[in-house]
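Chemist: With the sequence up front, the predicted model follows.
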Amino acid sequence: MQFNIEILSKIVEKNSFEKNQKYEFLLNNKNSKLIIISNIQSSVFVNSKMSDRILDLTNIVNVLSYIDRFIKKKDRNKNDVLVNVSLPVREFLFWNNKEIKDKLQDLLYYFSDIHWQLVFTSDKNNSLNQHPKLPFIEENLEICFWSGGLDSYAGLMDRVKQFPEKKFVLASFEGNNHKKYNQNLLFEKIRLELPNVKERIFIHNTYENHDKNGYPYSRTRGLFFLLSGLSFAFLLGQKEIYMYENGVGALNLKLPGNYGLDQSITATFQSHRRCEEFFKLVSGEDIKIENPYAFETKSNMLSNIKNLQRTNEITITSSCDSSHRQKNKPRECGYCTSCILRRFSLHIAGIKDSKNYVEASLSNPELIHRKEFQAMYGQYKKIESLLSQGGLEALYKNDPDLYRAEEDSGFEQSLFKNKLRLFLNAYIQEWKLFESKFIIDKQDVERIRATA
């Protein structure tokens, strides 16, 4: 099955930012429009300009992450899906270089599991706008990904405590006004109390013409997130950008069974190394994505901020994968895998969870019977069983991605395995504590164990 997408025109408002980008395109010969209101913003600016190539890169991966949503879920599982895209760029010759194009198409396949064929045309809008500018920041800087989630908040608080001499800049990328508001509210509260948290740079997207029958969880959004973050680090003269992500997300541990849940690969070692390699081809600079919390449990990260007495802002953070928007109802569902991990970890860390969830109680049998909870609980039982029977060798055999994680982690083999073992043992013990308090029905335990 082929999806042919041709960008017919691109209109950019004439101002100091690459702001309103209106793309008219043909989707399988049907005229359609995609409007992306995309701002690259900061509160302090200097005279240095963003290069055409970097601006091209952020635009390419941004637009493709939204085009990805037009491929409906029912069509995505077919092996012969091919998306042909014709897209305007400033550096026409560079992006049509075979090595660059092939590498980008490989990255798109890695993130989306569908094939892409890209054709780049010349962008006629070069003279219509100035380049976005980025802030001047002093040396001794740490730039980090800022999602407004619990890990990014906990990691930032811990890093500021460890390195009080550093200046911190937050790079964020959000696609709706609610997330934009939360991310900024949290940042402003932190900046008032911690003067070395200096700046928030962000790309805000407002996506119109949304097809409700489309695919809402575009994995290529992770590619946009990582490559845009590397671009910001490059523009600020940094050799690394930090991600604060706990080990469950960073290692992307395999979920048992066939629950139909989409696992993000954005935080994995494998994704980071692939994006670093491609970005070096584009920019000529070797910039690394560092995650100092890749072998920490989420509850351990939260214990750090509890010790720092920085728990007051936790309620502002958002972790939900499927936020609700009905009137008079909470936005956070409370039952997706991200919400479960959040609630579970706050409980283990001994921090009161004041968030208002749709599913209010952790001990509600309806929550325990949901596929999301059973997947996570079954995962813990599977890991515990494999380690007890065959150690890490059995775990690797069950989840071959761990071989690739080990190879791409940058750690020596024995050190990686030792860190992994310590993390898994800690995670198992946390689940045992949770299980003893919230799961009373032993039949539930045995049934989920059998499923795992």
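Modeler: Good, I have the coordinates. Residues are numbered from 1 along each chain as shown.
Chemist: which other helices and strands contact the longest helix seen in the chain?
Modeler: Longest helix in the chain, counting residues (DSSP state H): helix 371-398. Secondary-structure packing of helix 371-398 (3 or more Cβ pairs under 8 Å, 6 or more residues apart in numbering; DSSP states H and E): helix 337-349, helix 365-368, helix 401-408, helix 413-438, helix 442-451. No exception for glycine: its C-beta is placed from N, CA and C like everyone else's.
Chemist: buried residues in it?
Modeler: Neighbour-count burial for helix 371-398 flags 371-384, 386-387, 392, 395-396 (criterion: 16 or more other Cβ atoms under 10 Å).
Chemist: next one: stretch 222-237
Modeler: Applying 16+ other Cβ under 10 Å to stretch 222-237 flags 222-236 as buried.
Chemist: Do you have the strands of the chain handy? List them.
Modeler: In the chain, the strands defined using DSSP state E lie at 2-12, 20-27, 30-41, 82-89, 115-122, 141-145, 167-174, 197-207, 240-242, 288-290.
Chemist: is it true that residue 386 touches residue 394?
Modeler: Yes - between residue 386 and residue 394 there is a contact under Cβ atoms under 8 Å: 4.4 Å.
Chemist: Give me the spatial nearest neighbour of residue 120, chain neighbours excluded.
Modeler: Excluding its sequence neighbours, the residue lying closest to residue 120 (Cβ to Cβ, 6 or more residues apart in numbering) is residue 95, at 4.2 Å.
Chemist: and what of residue 121?
Modeler: Nearest one to residue 121, counting by Cβ to Cβ, 6+ apart, is residue 88 at 5.0 Å.
Chemist: how many neighbours does that neighbour have?
Modeler: By the criterion of other Cβ atoms under 10 Å, residue 88 has 21 neighbours.
Chemist: Please renumber the chain so that the first residue is 40 from this point on.
Modeler: That works, and once the first residue is 40, the last one we named lands at residue 127.
Chemist: quick one: it and residue 159 touch, right?
Modeler: Yes - look at residue 127 against residue 159 with Cβ under 8 Å: they come within range, at 7.5 Å.
Chemist: any idea how far the residue nearest to residue 159 is from residue 350?
Modeler: 47 Å (Cβ to Cβ, to the nearest Å).
Chemist: measure the closest residue to residue 279 other than its chain neighbours to residue 273 for me?
Modeler: Spatial nearest neighbour of residue 279, excluding adjacent residues (Cβ to Cβ, 6+ apart): residue 327 at 4.5 Å. Distance of residue 327 to residue 273, given as Cβ to Cβ: 12 Å.
Chemist: and if you look at residue 322?
Modeler: 5 Å.
Chemist: Equivalent analysis for residue 138, please.
Modeler: From residue 138 to residue 273 the distance is 20 Å (Cβ to Cβ).
Chemist: before we move on, what about residue 286?
Modeler: Taking Cβ to Cβ, one finds residue 286 at 28 Å from residue 273.
Chemist: any shared contact partners between residue 322 and residue 273?
Modeler: By Cβ atoms under 8 Å, 6 or more residues apart in numbering, residue 322 and residue 273 have these common neighbours: residue 93.
Chemist: And the pLDDT for residue 375?
Modeler: Predicted confidence (pLDDT) for residue 375: 90.
Chemist: brain fart, residue 47
Modeler: Here the pLDDT value assigned to residue 47 is 58.
Chemist: Then the one 3 residues further on?
Modeler: At residue 50, the model reports a pLDDT of 52.
Chemist: I figured residue 139 was touching residue 319, is that so?
Modeler: No - Residue 139 lies out of contact with residue 319 (Cβ under 8 Å); the separation is 11.5 Å.
Chemist: Between the two, tell me which one has more neighbours.
Modeler: Ranked by neighbour count (other Cβ under 10 Å), residue 139 and residue 319 place residue 139 first, with 17 against 13.
Chemist: how deep is residue 475 tucked in, by neighbour count?
Modeler: 9.
Chemist: any idea how far it is from residue 295?
Modeler: 21 Å.
Chemist: swap in residue 313?
Modeler: Taken as Cβ to Cβ, the span from residue 313 to residue 295 is 26 Å.
Chemist: repeat for residue 378
Modeler: 19 Å.
Chemist: Neighbour count for these two, which is higher?
Modeler: Between residue 378 and residue 295, counted using other Cβ under 10 Å, the more crowded position is residue 378 (25 against 19).
Chemist: and the more buried one, what is it in contact with?
Modeler: Applying Cβ under 8 Å, 6+ apart to residue 378 gives the contacts 358-360, 371-372, 396, 398.
Chemist: And for residue 412?
Modeler: By Cβ under 8 Å, 6+ apart, the contact set of residue 412 is 374, 379, 406.
Chemist: same thing with residue 153?
Modeler: Residue 153 neighbours (Cβ under 8 Å, 6+ apart): 110, 115, 120-122, 147.
Chemist: ranking those by neighbours, who comes first?
Modeler: residue 147 (24 neighbours).
Chemist: That one is in contact with residue 259, isn't it?
Modeler: Yes - counting by Cβ under 8 Å, residue 147 does reach residue 259; the two are 6.3 Å apart.
Chemist: Which residues are in contact with each of these two?
Modeler: With Cβ under 8 Å, 6+ apart as the test, residue 147 and residue 259 both reach residue 103.
Chemist: Output the below-cut-off pLDDT ranges for this protein.
Modeler: Along the chain, the model assigns pLDDT under 70 to residues 40-89, 116-117, 164-177, 213-217, 243-256, 297-300, 362-369, 478-491.
Chemist: Domain ranges for it, per the record?
Modeler: 41-167, 180-329, 369-490 (automatic domain parsing).
Chemist: Of all the ones you listed, which one is nearest residue 345?
Modeler: domain 369-490 (5.7 Å; Cβ to Cβ).
Chemist: quick one: that closest one to chain centroid distance?
Modeler: Distance of domain 369-490 from its chain centroid, counting by Cα atoms, centre = their mean, to the nearest Å, is 20 Å.
Chemist: Any idea how far apart the tips of stretch 158-178 sit?
Modeler: 40 Å (Cα to Cα, to the nearest Å).
Chemist: can you check stretch 315-333 too?
Modeler: 17 Å.
Chemist: from memory residue 129 sits against residue 91, does it?
Modeler: Yes - using Cβ under 8 Å, residue 129 is in contact with residue 91, at 4.0 Å.
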